[in-house]
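*Asks:* Okay, sequence plus prediction incoming.
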Amino acid sequence: MNAEKINLERQRIGTWGALNSLRVKTVLEHAGKKILDAGCASGEYVDFLLPRGYDAYGVDLFPAKTWQGPNRERFSVGDIRHLPYRDGEFDTVLLMEVLEHVPDAEAALREIHRVSRKNLILSVPDAQIDPLFSEAGLAFHHWVDRSHIQFFNQEDLQNLLEKNGFSLRRLERINPIYPELLFFSSFPIPIRLARLLARGCRKLPCRKNRFMTLLAVAARKD
């Protein structure tokens, strides 16, 4: 898939660059003062961080209309495999739901390593397939999103980071999945009842928690 088609797909989905509370919490806990949001899309992280005292910038392969606001000088058009910044210019680089779209993930991480001083905070869809969903013939949008060309499980991501100059400091699964609602809504019952039954199932002690995103903090190795 070429760059233009990837951009059309991201517009169709309409969620790239959107703030996520757990990602924001991780950024506030681990980021340095000067931050680059690589693959920033609409620039929401930059706009969120600036009034909180961070020196934040964004770069994306495609410009967004939202860049035309008061923070427009903070944004640049560029490929994350060839970033238009000096060596070690940023304390922290954010890479939120981006790496799965990049043809050469190693080249992107090497370039991020070059421009960072402290660490990298990134999230990617978790490609680990739960047997429950495999047996049911279900797939998350990650598997059918035509702009996703890279797939990572926990081990893959850790190995990729270590190979390209980073040391994993924290890794967690976020964005819970609730298959119970899908199950109960498949029956000819009112949706309110389906939701009530699904909520009840989530309280069962034997229930297994399932998540669809990996969130990592990785320190830069010299």
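*Replies:* Yep, it's here. Numbering: from 1, shown residues only.
*Asks:* can you pull out the helices in this protein?
*Replies:* 3-13, 21-30, 44-49, 105-115, 131-136, 141-144, 154-163, 179-185, 191-202 (DSSP state H).
*Asks:* among these, which is nearest L215?
*Replies:* helix 21-30 (6.1 Å; CB to CB). Placement of C-beta: from N, CA and C, glycine included.
*Asks:* which non-adjacent residue is nearest the most centrally placed residue in the chain?
*Replies:* By CA atoms, centre = their mean, the chain has its centre lying nearest to E97, at 2.5 Å. Distances taken as CB to CB, 6 or more residues apart in numbering place S123 nearest to E97, at 5.8 Å, with adjacent residues excluded.
*Asks:* Am I right that the one you found is in contact with L215?
*Replies:* Yes: assessed by CB atoms under 8 Å, S123 is found in contact with L215 at 4.6 Å.
*Asks:* Determine the residues that are contacts of both of the two.
*Replies:* Shared contacts of S123 and L215 (CB atoms under 8 Å, 6 or more residues apart in numbering): R23, I174.
*Asks:* For H30, see how far away the residue nearest to the centre of the chain is.
*Replies:* For E97, the distance to H30 (CB to CB, to the nearest Å) stands at 18 Å.
*Asks:* Below-threshold pLDDT in the chain: ranges please.
*Replies:* The chain contains residues with pLDDT under 70 at 1-17, 127-149, 206-209, 211.
*Asks:* List the contacts of F48.
*Replies:* Residues in contact with F48 (CB under 8 Å, 6+ apart) are L19, V24.
*Asks:* roughly how far apart are it and A107?
*Replies:* The value you get for F48 to A107, if CB to CB is used, is 28 Å.
*Asks:* Also E73?
*Replies:* Taking CB to CB, one finds E73 at 27 Å from A107.
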